[in-house]
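A.B. asks: have a look at this prediction, sequence included:
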Amino acid sequence: MNKLCSLSTVMIAVLVLVSCSQTPQIKDNAEVLDNGLIKVSHARFDNVYVRTGIDFKKFDNIIVEPLNLADLEVTLQRYHGRRMNWELTDKDRTYFAATYRDAMVDKLSNQGEYHLASHITASSAIVKGKLIELVPYQDKRNLADDSSPNYSYGSSPGIMEIQYEVLDFNGNLLATMQDRREAGNNTAMQQQHIMRSSTDVKQLFQLWADMVRTGFDRALKK
């Protein structure tokens with residue numbers, strides 16, 4: 001595994017508890033997937049599915065795989081009557097992968113009861129993160145630099161959607177999480193940046209990483 005051993009996101013019940021404002025609950029009529037995972041309600045992520053009957057305390061280290069960008073979809077909107085120009089480049093991919101990795105390292109390092117690891121053991125929880133979709137709000141042609149005469153203002157650079165999987169040492173799927181939200185999601189007008197250089201994008205990855213960390217912390221206390 002790449003030393004991006006701190007990347008991706010979602011942790012088994014970790015996820016279940018994943019950063020919930022209240023303890024997640026399984027309803028009597030909860031949706032059950034073909035793989036046996038059950039939908040959990042009251043989680044901050046849009047969708048959380050967890051395998052029941054797992055002893056989360058057996059996991060004392062986390063393996064975070066590099067962010068999966070293989071099937072990333074860029075959904076383009078109309079911009080002033082014309083289709084936006086926003087091609088996903090290698091530079092964009094490198095930025096998203098590195099920003100995601102940095103967020104996970106920052107939030108999951110030195111947590112006491114568990115640690116980030118680079119080698120899989122029987123007590124490893126393997127986290128796989130996948131960026132599913134980007135919906136940029138700006139045209140790259142107008143965001144070449146801050147001096148551009150067509151530079152515009154807005155409250156967010158766009159929407160991002162991410163999916164996480166948590167597996168055990170044997171590759172068994174223990175939990176999945178998915179979340180879609182605006183980067184920034186604030187009301188203050190600000191100079192819009194390309195998603196690759198936006199502080200709001202960095203903060204969103206930090207938020208997701210913090211949700212994973214909080215969920216893992218709660219899982220270990222159960």
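C.D. replies: Perfect, I can see it now.
A.B. asks: pLDDT value on the residue lying closest to Ala122 once chain neighbours are set aside, please?
C.D. replies: Once flanking residues are discounted, Ala122 sits nearest to Phe169: 4.8 Å by CB to CB, 6 or more residues apart in numbering. Just so you know, the C-beta spots here come from the backbone N, C-alpha and C atoms, and that holds for glycine as well. Reported pLDDT at Phe169 in the predicted model: 93.
A.B. asks: what's the longest helix anywhere in the chain packed up against?
C.D. replies: Looking across the chain with DSSP state H, the single longest helix is helix 199-221. Applying 3 or more CB pairs under 8 Å, 6 or more residues apart in numbering; DSSP states H and E, one finds that helix 199-221 contacts helix 12-16, helix 90-108, strand 158-167, strand 173-183.
A.B. asks: for Arg180, give me its contacts.
C.D. replies: Going by CB atoms under 8 Å, 6 or more residues apart in numbering, Arg180 touches Asp46, Ile132, Glu133, Ile159, Met160, Glu161, Ile162.
A.B. asks: what do you get if the cut-off is 10 Å, keeping everything else the same?
C.D. replies: Arg180 is in contact with Phe45, Asp46, Asn47, Ile132, Glu133, Val135, Ile159, Met160, Glu161, Ile162, Gln163, counting by CB atoms under 10 Å, 6 or more residues apart in numbering.
A.B. asks: same question for Gly158.
C.D. replies: 74-75, 77, 86, 133-138, 182-184, 192, 194-195, 198, 200-201.
A.B. asks: are any of these buried, and which?
C.D. replies: Buried members of the contacts of Gly158, scored by 16 or more other CB atoms under 10 Å, are 86, 133-138, 182-184, 192, 194-195, 198, 200-201.
A.B. asks: quick one on the thing from earlier: out of the helices and strands packed on helix 199-221, which is closest to Gly36?
C.D. replies: Closest of the helices and strands packed on helix 199-221 to Gly36 is strand 173-183, at 8.5 Å (criterion: CB to CB).
A.B. asks: compute the inter-axis angle for the closest one and helix 199-221.
C.D. replies: If you take axes from the mean of the first three to the mean of the last three CA atoms, to 10 degrees, strand 173-183 sits at 150 degrees to helix 199-221.
A.B. asks: buried ones in strand 173-183?
C.D. replies: Result for strand 173-183 [16+ other CB under 10 Å]: buried residues Leu173, Leu174, Ala175, Thr176, Met177, Gln178, Asp179, Arg181, Glu182, Ala183.
A.B. asks: specify the beta-bridge partners of the third one.
C.D. replies: So that's Ala175. Val50, Val166 (DSSP bridges).
A.B. asks: hmm, Gly36 and it touching each other?
C.D. replies: No - applying CB atoms under 10 Å as the test, Ala175 and Gly36 come out as separate, 11.4 Å apart.
A.B. asks: list residues touching both of these two?
C.D. replies: Tyr49, Arg51.
A.B. asks: re the thing from before, kindly reformat the contacts of Arg180 as JSON lines containing distance to Arg213 and pLDDT.
C.D. replies: What follows is those, written out as JSON lines (distance: CB to CB, whole Å; pLDDT from 0 to 100):
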{"residue": "Phe45", "distance to Arg213": "13", "pLDDT": "89"}
{"residue": "Asp46", "distance to Arg213": "18", "pLDDT": "91"}
{"residue": "Asn47", "distance to Arg213": "19", "pLDDT": "88"}
{"residue": "Ile132", "distance to Arg213": "21", "pLDDT": "96"}
{"residue": "Glu133", "distance to Arg213": "24", "pLDDT": "95"}
{"residue": "Val135", "distance to Arg213": "26", "pLDDT": "89"}
{"residue": "Ile159", "distance to Arg213": "23", "pLDDT": "90"}
{"residue": "Met160", "distance to Arg213": "19", "pLDDT": "93"}
{"residue": "Glu161", "distance to Arg213": "20", "pLDDT": "96"}
{"residue": "Ile162", "distance to Arg213": "15", "pLDDT": "97"}
{"residue": "Gln163", "distance to Arg213": "18", "pLDDT": "95"}
